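In: Kindly generate the corresponding structure for this input.
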Amino acid sequence: MDETWLYHYDPETTQQLMEWRHSGSPRPKEFLVRNSAGKVLASIFWDQNGILLIDYLPKGKTINAEYHLSLLVQLKNILKEKRRGKITKGVWFLHYNASAHRALATQKKLIYLDFQCLDHPPYSPDLAPWDYFLIPGLKKELKGRYFSSDVEAITAAETWLDGQTSEFF
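Out: Got it, this is the predicted structure:
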(Lines give C-alpha, C1' and ligand atoms only; values in the text may rest on other atoms or scores of the structure.)
Protein backbone atom coordinates (compact mmCIF):
# COMPACT_ATOMS: atom_id res chain seq x y z
CA MET A 1 0.00 0.00 0.00
CA ASP A 2 1.24 3.46 -0.82
CA GLU A 3 -0.17 6.93 -1.41
CA THR A 4 0.83 9.40 -4.08
CA TRP A 5 -0.36 12.72 -5.49
CA LEU A 6 -1.65 12.76 -9.06
CA TYR A 7 -1.13 16.29 -10.38
CA HIS A 8 -3.05 17.98 -13.18
CA TYR A 9 0.36 19.06 -14.42
CA ASP A 10 3.73 17.91 -13.15
CA PRO A 11 6.46 19.47 -15.30
CA GLU A 12 8.91 17.11 -16.89
CA THR A 13 11.83 19.44 -16.34
CA THR A 14 12.56 22.84 -14.85
CA GLN A 15 12.85 24.02 -18.46
CA GLN A 16 9.09 23.63 -18.80
CA LEU A 17 8.63 26.02 -15.88
CA MET A 18 10.62 28.75 -17.62
CA GLU A 19 8.95 31.65 -19.36
CA TRP A 20 10.35 33.63 -22.28
CA ARG A 21 10.84 37.32 -21.61
CA HIS A 22 12.83 40.20 -23.02
CA SER A 23 16.08 40.95 -21.21
CA GLY A 24 14.74 44.35 -20.08
CA SER A 25 11.37 43.12 -18.81
CA PRO A 26 10.77 42.65 -15.09
CA ARG A 27 11.09 39.23 -13.53
CA PRO A 28 7.76 37.40 -13.32
CA LYS A 29 6.30 36.88 -9.87
CA GLU A 30 6.82 33.40 -8.53
CA PHE A 31 3.98 31.67 -6.76
CA LEU A 32 4.31 29.07 -4.05
CA VAL A 33 2.42 26.44 -6.03
CA ARG A 34 4.35 25.68 -9.18
CA ASN A 35 3.60 22.10 -10.08
CA SER A 36 -0.11 22.06 -10.60
CA ALA A 37 -3.33 23.90 -10.02
CA GLY A 38 -5.04 20.65 -9.11
CA LYS A 39 -4.15 17.33 -7.58
CA VAL A 40 -5.76 14.25 -6.11
CA LEU A 41 -4.32 11.81 -3.57
CA ALA A 42 -4.37 8.16 -4.66
CA SER A 43 -4.07 5.32 -2.16
CA ILE A 44 -2.98 2.21 -4.07
CA PHE A 45 -3.19 -1.33 -2.70
CA TRP A 46 -1.69 -4.21 -4.67
CA ASP A 47 -0.20 -7.67 -4.37
CA GLN A 48 1.99 -9.83 -6.57
CA ASN A 49 -0.87 -10.35 -9.04
CA GLY A 50 -1.85 -6.73 -9.58
CA ILE A 51 -3.86 -3.80 -8.31
CA LEU A 52 -6.46 -4.62 -5.66
CA LEU A 53 -7.86 -1.21 -4.75
CA ILE A 54 -7.27 2.41 -5.68
CA ASP A 55 -8.97 5.06 -3.57
CA TYR A 56 -9.00 8.76 -4.39
CA LEU A 57 -9.28 11.10 -1.43
CA PRO A 58 -12.32 13.37 -1.80
CA LYS A 59 -11.70 17.14 -1.85
CA GLY A 60 -11.68 18.66 1.61
CA LYS A 61 -10.89 15.36 3.38
CA THR A 62 -7.65 14.27 4.99
CA ILE A 63 -6.33 10.81 5.62
CA ASN A 64 -6.72 10.08 9.29
CA ALA A 65 -7.05 6.79 11.17
CA GLU A 66 -10.82 6.67 10.64
CA TYR A 67 -10.52 7.14 6.87
CA HIS A 68 -7.67 4.62 6.68
CA LEU A 69 -9.75 2.07 8.62
CA SER A 70 -12.52 2.32 6.03
CA LEU A 71 -9.94 1.57 3.31
CA LEU A 72 -8.72 -1.50 5.18
CA VAL A 73 -12.27 -2.86 5.43
CA GLN A 74 -12.75 -2.25 1.67
CA LEU A 75 -9.46 -4.04 1.02
CA LYS A 76 -10.51 -7.07 3.06
CA ASN A 77 -13.78 -7.33 1.09
CA ILE A 78 -11.92 -7.02 -2.23
CA LEU A 79 -9.45 -9.70 -1.17
CA LYS A 80 -12.36 -12.05 -0.48
CA GLU A 81 -13.67 -11.39 -4.02
CA LYS A 82 -10.47 -11.24 -6.07
CA ARG A 83 -8.32 -13.74 -4.19
CA ARG A 84 -10.99 -16.26 -3.21
CA GLY A 85 -9.39 -19.39 -1.75
CA LYS A 86 -5.89 -17.91 -1.64
CA ILE A 87 -6.25 -16.18 1.72
CA THR A 88 -6.14 -19.10 4.14
CA LYS A 89 -3.55 -17.94 6.70
CA GLY A 90 -4.30 -14.24 6.80
CA VAL A 91 -2.73 -11.37 4.89
CA TRP A 92 0.80 -10.05 5.17
CA PHE A 93 0.34 -6.30 5.00
CA LEU A 94 3.06 -3.72 4.40
CA HIS A 95 2.52 0.01 4.59
CA TYR A 96 4.68 2.89 5.65
CA ASN A 97 4.90 4.73 8.95
CA ALA A 98 2.33 7.51 8.47
CA SER A 99 0.48 8.49 11.64
CA ALA A 100 -2.84 7.15 10.31
CA HIS A 101 -1.14 3.80 9.68
CA ARG A 102 0.46 3.64 13.12
CA ALA A 103 -2.59 4.78 15.12
CA LEU A 104 -3.78 2.40 17.82
CA ALA A 105 -7.20 2.08 16.15
CA THR A 106 -5.48 1.06 12.90
CA GLN A 107 -3.33 -1.54 14.66
CA LYS A 108 -6.42 -3.02 16.34
CA LYS A 109 -8.31 -3.11 13.03
CA LEU A 110 -5.40 -4.89 11.33
CA ILE A 111 -5.52 -7.58 14.01
CA TYR A 112 -9.32 -7.84 13.73
CA LEU A 113 -9.07 -8.22 9.93
CA ASP A 114 -6.35 -10.88 10.37
CA PHE A 115 -3.71 -8.77 8.61
CA GLN A 116 -0.16 -9.47 9.76
CA CYS A 117 1.53 -6.07 9.64
CA LEU A 118 5.15 -6.08 8.50
CA ASP A 119 7.54 -3.41 9.71
CA HIS A 120 8.41 -0.78 7.15
CA PRO A 121 11.85 -1.67 5.73
CA PRO A 122 14.75 0.73 5.25
CA TYR A 123 14.78 2.52 1.89
CA SER A 124 16.31 -0.06 -0.37
CA PRO A 125 15.08 -1.03 -3.86
CA ASP A 126 14.77 -4.71 -2.98
CA LEU A 127 12.95 -4.06 0.33
CA ALA A 128 10.66 -1.14 -0.56
CA PRO A 129 9.81 -1.69 -4.25
CA TRP A 130 6.92 0.81 -4.37
CA ASP A 131 9.33 3.68 -3.59
CA TYR A 132 11.63 2.64 -6.44
CA PHE A 133 9.38 0.85 -8.89
CA LEU A 134 5.59 1.18 -8.87
CA ILE A 135 5.08 4.83 -7.91
CA PRO A 136 8.09 6.17 -9.89
CA GLY A 137 6.87 4.27 -12.96
CA LEU A 138 3.45 5.85 -12.60
CA LYS A 139 4.95 9.31 -12.02
CA LYS A 140 7.16 8.93 -15.09
CA GLU A 141 4.09 8.10 -17.19
CA LEU A 142 2.17 11.17 -16.00
CA LYS A 143 5.06 13.66 -15.99
CA GLY A 144 4.82 16.43 -18.53
CA ARG A 145 1.17 15.74 -19.38
CA TYR A 146 -1.63 18.23 -18.83
CA PHE A 147 -4.92 17.14 -17.30
CA SER A 148 -7.87 19.50 -17.09
CA SER A 149 -9.50 17.69 -14.17
CA ASP A 150 -9.03 15.08 -11.47
CA VAL A 151 -11.01 12.64 -13.62
CA GLU A 152 -8.50 12.94 -16.49
CA ALA A 153 -5.51 12.43 -14.16
CA ILE A 154 -7.22 9.44 -12.54
CA THR A 155 -8.10 7.91 -15.92
CA ALA A 156 -4.50 8.25 -17.13
CA ALA A 157 -3.15 6.68 -13.92
CA GLU A 158 -5.60 3.78 -14.02
CA THR A 159 -4.93 3.17 -17.71
CA TRP A 160 -1.21 2.85 -16.99
CA LEU A 161 -1.72 0.67 -13.91
CA ASP A 162 -4.24 -1.59 -15.71
CA GLY A 163 -1.79 -2.00 -18.58
CA GLN A 164 0.85 -3.60 -16.37
CA THR A 165 1.16 -7.38 -16.50
CA SER A 166 1.20 -9.61 -13.42
CA GLU A 167 4.96 -10.03 -13.98
CA PHE A 168 5.30 -6.28 -13.35
CA PHE A 169 3.96 -6.75 -9.82
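In: switch to C-alpha atoms for all contacts and neighbour counts from now on
Out: Will do.
In: okay, which residue of this structure is out on the far edge from center?
Out: residue 24 (43.9 Å; Cα atoms, centre = their mean).
In: Show the contacting residues for it.
Out: Contacts for residue 24 (Cα atoms under 8 Å, 6 or more residues apart in numbering) come out as none.
In: so how far is residue 38 from residue 149?
Out: 7 Å (Cα to Cα, to the nearest Å).
In: cool, and residue 166?
Out: 31 Å.
In: With neighbour numbers in mind, choose between the two.
Out: Ranked by neighbour count (other Cα atoms under 10 Å), residue 166 and residue 38 place residue 38 first, with 16 against 12.
In: how about the helices in this structure?
Out: 65-82, 99-102, 104-112, 129, 135-142, 150-162 (DSSP state H).
In: List just the one of those helices that sits closest to residue 55.
Out: helix 65-82 (7.8 Å; Cα to Cα).
In: helices and strands of the protein: which one has the lowest mean pLDDT?
Out: helix 129 (a mean of 57; mean pLDDT, DSSP states H and E).
In: sorry, back to before: now mean neighbour count and distance to residue 58 too, for the helices of the chain, in JSON lines please.
Out: Putting the helices of the chain into JSON lines (neighbours: other Cα atoms under 10 Å; distance: least, Cα to Cα, whole Å) gives the following:
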{"stretch": "helix 65-82", "mean neighbour count": "15", "distance to residue 58": "11"}
{"stretch": "helix 99-102", "mean neighbour count": "15", "distance to residue 58": "17"}
{"stretch": "helix 104-112", "mean neighbour count": "15", "distance to residue 58": "20"}
{"stretch": "helix 129", "mean neighbour count": "14", "distance to residue 58": "27"}
{"stretch": "helix 135-142", "mean neighbour count": "16", "distance to residue 58": "20"}
{"stretch": "helix 150-162", "mean neighbour count": "16", "distance to residue 58": "10"}
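In: Now render those as TSV, adding distance to residue 50.
Out: Putting the helices of the chain into TSV (distance: least, Cα to Cα, whole Å) gives the following:
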stretch	distance to residue 50
helix 65-82	10
helix 99-102	22
helix 104-112	21
helix 129	14
helix 135-142	14
helix 150-162	8
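In: With residue 11 as the reference, name the closest of those.
Out: helix 135-142 (9.4 Å).
In: helices and strands around the closest one, which ones?
Out: With contacts defined as 3 or more Cα pairs under 8 Å, 6 or more residues apart in numbering; DSSP states H and E, helix 135-142 has these neighbours: helix 150-162.
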